[in-house]
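**Student:** the following block contains a protein sequence and its predicted model.
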Amino acid sequence: MPSRINNQKVAGILALTGCLGFLIALGALFIGLWIDQFFGESGMAIVCVIAGTAPINLYLMVRFALALKKKWSS
């Protein structure tokens, strides 16, 4: 039974981390769309903003997963 509980904890951490990554990417997309519309560009801001937030996204996802693991490990 403890193995099943640990598997559920890991699945929960992965699900929450994935949702965080999705929300960051979605926010970057909307910011890029807004910048493109504001300056009258045709997609360059979207590419730049999403590429710029990729490392931030990865860093925050790892920190979030480690924090959840530390919190739920007890």
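**Tutor:** Thanks, I have it. Residues are numbered from 1 along each chain as shown.

**Student:** do a quick rundown of the helices in this protein.
**Tutor:** 2-39, 44-72 (DSSP state H).

**Student:** please name the nearest non-neighbouring residue to residue 39.
**Tutor:** Closest residue in space to residue 39, ignoring its immediate chain neighbours: residue 45 at 7.0 Å, by Cβ to Cβ, 6 or more residues apart in numbering. C-beta here means a position set from N, CA and C on the backbone, and glycine is covered the same way.

**Student:** mind checking how far that neighbour is from residue 51?
**Tutor:** Distance, residue 45 to residue 51, by Cβ to Cβ, to the nearest Å: 11 Å.

**Student:** so which of those two has more stuff around it?
**Tutor:** Taking other Cβ atoms under 10 Å, residue 45 and residue 51 do not tie; residue 45 has more neighbours (18 against 11).

**Student:** quick one, what contacts the more buried one?
**Tutor:** 32-33, 35-36, 39 (Cβ atoms under 8 Å, 6 or more residues apart in numbering).

**Student:** 10 Å - rerun?
**Tutor:** 31-39 (Cβ atoms under 10 Å, 6 or more residues apart in numbering).

**Student:** spit out the residues that contact residue 45 and residue 51 alike.
**Tutor:** Counting by Cβ under 10 Å, 6+ apart, the common neighbours of residue 45 and residue 51 are residue 32.

**Student:** what separates the residue nearest to residue 31 when sequence neighbours are not counted from residue 25, distance-wise?
**Tutor:** Nearest residue to residue 31, sequence neighbours excluded (Cβ to Cβ, 6+ apart): residue 49, at 5.4 Å. Counting by Cβ to Cβ, the gap from residue 49 to residue 25 is 10 Å.
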